[in-house]
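**Q** Sharing a model prediction with you, sequence too.
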There are 2 protein chains.
Amino acid sequence: MNVTVAEAAALLKKADDILILSHRRPDGDTSGCAGALCRGLQQLGKNAYVLQNPEITKRYAGLIVPCYPPAGFQANMLVTVDVADTNMLTGNAEAWAEQIDLVIDHHRSNPGFGASNLIRPTAGGCGEIVYDVLMAMGVQLTADIARCIYVAVSTDTGCFKFSNTVPHTLRVAAACLEAGVDGGEINRALFEVKSWPRFEMERIIFDTMEFVHDRKIALATLRRADIDRTGADMDDLDSIASLTRQIEGVQVGITLTENKDGSVKASVRTTKEVDASVICRKCGGGGHLRAGGASFPAGVSLQQARARLLEAAESVYRKSGMEAS
Amino acid sequence: MNVTVAEAAALLKKADDILILSHRRPDGDTSGCAGALCRGLQQLGKNAYVLQNPEITKRYAGLIVPCYPPAGFQANMLVTVDVADTNMLTGNAEAWAEQIDLVIDHHRSNPGFGASNLIRPTAGGCGEIVYDVLMAMGVQLTADIARCIYVAVSTDTGCFKFSNTVPHTLRVAAACLEAGVDGGEINRALFEVKSWPRFEMERIIFDTMEFVHDRKIALATLRRADIDRTGADMDDLDSIASLTRQIEGVQVGITLTENKDGSVKASVRTTKEVDASVICRKCGGGGHLRAGGASFPAGVSLQQARARLLEAAESVYRKSGMEAS
């Protein structure tokens, strides 16, 4: 059943012993939503916690780790935030896939896997919807809660830069600043400061990037030896695939990453003229209009993966009719 | 005399034949403010134009060039936007320095050089103030005007990333999106796409950046031969000095640029622990807390400038007491 903000707020207000679930490969949006909703419910006097996320990284840990439940906590209501589908539940929540009481999300593809579903695909970040629910419950926007909401909406919109930013995103962020969030410091840490491993990886990408097809296609390769040498972790590699597409005239940016197990991950980013998901489907993957991915099992070399991707990209690029432009 | 938004709006409403002045080395804020104010006044049926800015670059030309006055236009009211002081007037406006009727600005240091002065130092971009004045005059926020305002506030706040972003900045931007601005496309062009010369310059900076003093000080050098080889222009070098400071742990970032005439420009960027203006004053320059600059005449070599800057930076850094942290 689809529910409104007011209905979702009413469901939460009458519930107690609430457990909030975030998604695999947790980002700022799911972590911020979970942390904000949990703190808001606790402010109303409820037992509310965030299920441990086994993949949480240091970047977002502060948002949800303080909200983990005490031993023996028994949930009476399960809420997911920013979880697009049950296959995005973390391993420790998989058993509950059929028992989710409330889904709060902004993914267009969300099938509505909860008993109640509050899904708003036009929201830049799921944090905007959680903010609305908190306000509808009469929660006071403390600096702690505002910080979670701010990180949620800013990380999912590239700090309000991407086209998914809507007026409500900006107004929610404005309310967070008024609640005491130091946007400048948060953004510096999230969007500006490069860790040493990240700096080294960017240097390698810049130095090794290939340009083909009249510089319309850019290809970067992250070799395992380089990743290991720099000590880069998941936080350091976050959104590194977008670097290729930042160069003037590049319409397809491909980043190949050699995984620890020898498999190769391909990330494809495109400008709006070329469909990334079509390129990736030709290589056994999938994705969205401007961002897609594919995987090659161990045994497929970087050179082979490179050839497959370039062939797919050139073919899709030609068919997009951009050639003559 | 200091005036309120309502008073500034009243002054403009009763005036006609208005000429708007932007500042030297025009950025998105001054250009966007000038373009928005001019279009808004024209919407009200007034003769209003923007004085030609001889230094306008291609990045911001679309905002103001269509507003340049026809030959023979005689102004009855002079308005400056985002002009911090009379020494920032363009050469073709210098003669009018004592005759400015209305100053609209957000620089704290503005002495109030107009007959009437609307100065709000807390505004992230001067565009927020121009927006308020337009609304007070009853101007309809067309997509054209909104685009100028959006560029003004987004460029001055690093796309809402910097600490000067205030709630009003975000709400003004929200109104601009509602008026039909394609924020995603504008931001991609302004903040994400790297021109080929820019890409090449960044590659050179990454490859040649030096780290000293336990990696707390970073130094990048832009040699004239490299700049000329890549074909980089002013737009391409815009804010390139901030790259040094983006690296984890770097508290002082120094960028030396070899000018065409053989002089050397030093740009210093710091995190909040170290005062950039103090470092620059030791080298004959000046600036703000986190951003400063100095110049060395032709004859001073890059090596000599480098030594002067490093000595100043190390001395200030030591005195800041950060050494032990």
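**A** That came through fine. Residues are numbered from 1 along each chain as shown, chains lettered A, B, ... in the order given.

**Q** would you list every one of the strands in the stretch 201-325 of chain A?
**A** Secondary structure of the stretch 201-325 of chain A (DSSP state E, counting those that start in this stretch): strands at A:210-212, A:217-222, A:252-258, A:264-270, A:286-287, A:291-296.

**Q** what are the ranges of the helices in chain A?
**A** A:5-14, A:28-43, A:58-64, A:126-136, A:143-156, A:167-178, A:183-187, A:196-208, A:224-230, A:234-237, A:276-281, A:302-319 (DSSP state H).

**Q** Contacts for the first one next, please.
**A** Contact with helix A:5-14 is made by A:3, A:18, A:41, A:44, A:77, A:79, A:101-102, A:104, A:116, A:118, A:129, A:132-133, A:136-137, as judged by Cβ atoms under 8 Å, 6 or more residues apart in numbering or on different chains. Placement of C-beta: from N, CA and C, glycine included.

**Q** The same query, at a cut-off of 6 Å, please.
**A** Applying Cβ atoms under 6 Å, 6 or more residues apart in numbering or on different chains, the contact partners of helix A:5-14 are A:L102, A:L118, A:D132, A:V133, A:A136, A:M137.

**Q** Make TSV from those residues and add neighbour count, pLDDT and distance to A:G158 to it.
**A** Below are the contacts of helix A:5-14 laid out as TSV (neighbours: other Cβ atoms under 10 Å in any protein chain shown; pLDDT from 0 to 100; distance: Cβ to Cβ, whole Å):
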residue	neighbour count	pLDDT	distance to A:G158
A:L102	23	98	28
A:L118	26	98	24
A:D132	21	98	22
A:V133	25	98	24
A:A136	17	98	28
A:M137	19	98	29
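
**Q** Pick out whichever of the residues you listed sits closest to A:Q246.
**A** Nearest to A:Q246 among these is A:D132, at 33.1 Å by Cβ to Cβ.

**Q** could the strands of the stretch 201-325 of chain A be laid out in a markdown table, adding mean pLDDT and distance to B:D207?
**A** Converted to a markdown table, the strands of the stretch 201-325 of chain A look like this (pLDDT from 0 to 100; distance: least, Cβ to Cβ, whole Å):
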| stretch | mean pLDDT | distance to B:D207 |
| --- | --- | --- |
| strand A:210-212 | 94 | 17 |
| strand A:217-222 | 95 | 16 |
| strand A:252-258 | 95 | 20 |
| strand A:264-270 | 93 | 24 |
| strand A:286-287 | 82 | 33 |
| strand A:291-296 | 90 | 29 |
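
**Q** Out of these, which gets nearest to B:D275?
**A** strand A:217-222 (38.3 Å).

**Q** which one of the helices of chain A is the most hemmed in?
**A** Greatest average neighbour count among these goes to helix A:28-43 (a mean of 28), per mean count of other Cβ atoms under 10 Å in any protein chain shown.

**Q** and it, how far from the chain's centre?
**A** 16 Å (Cα atoms, centre = their mean, to the nearest Å).

**Q** low-confidence ranges in chain A?
**A** Scanning chain A for pLDDT under 70 picks out the ranges A:321-325.

**Q** Now do stretch A:152-163: everything it contacts.
**A** Contacts with stretch A:152-163, where a contact means Cβ under 6 Å, 6+ apart, come from A:28-29, A:32-33, A:124-125, A:127-128, A:164-165, A:169, A:172-173, A:187, A:191, B:159-161, B:184, B:187, B:191.

**Q** which bits of the stretch 51-200 of chain A sit near chain B?
**A** Counting by Cβ under 6 Å from any Cβ of the partner chain, the residues of the stretch 51-200 of chain A close to chain B are A:159-163, A:165, A:167, A:170-171, A:173-174, A:177-178, A:183-184, A:187, A:191-196, A:199.

**Q** at 8 Å instead, please
**A** Taking Cβ under 8 Å from any Cβ of the partner chain as the contact definition, the stretch 51-200 of chain A meets chain B at A:159-171, A:173-175, A:177-178, A:182-185, A:187-188, A:191-196, A:198-199.

**Q** Okay, A:S154 and A:D105: tell me how far apart.
**A** 18 Å (Cβ to Cβ, to the nearest Å).

**Q** Thanks again, I'm all set now.
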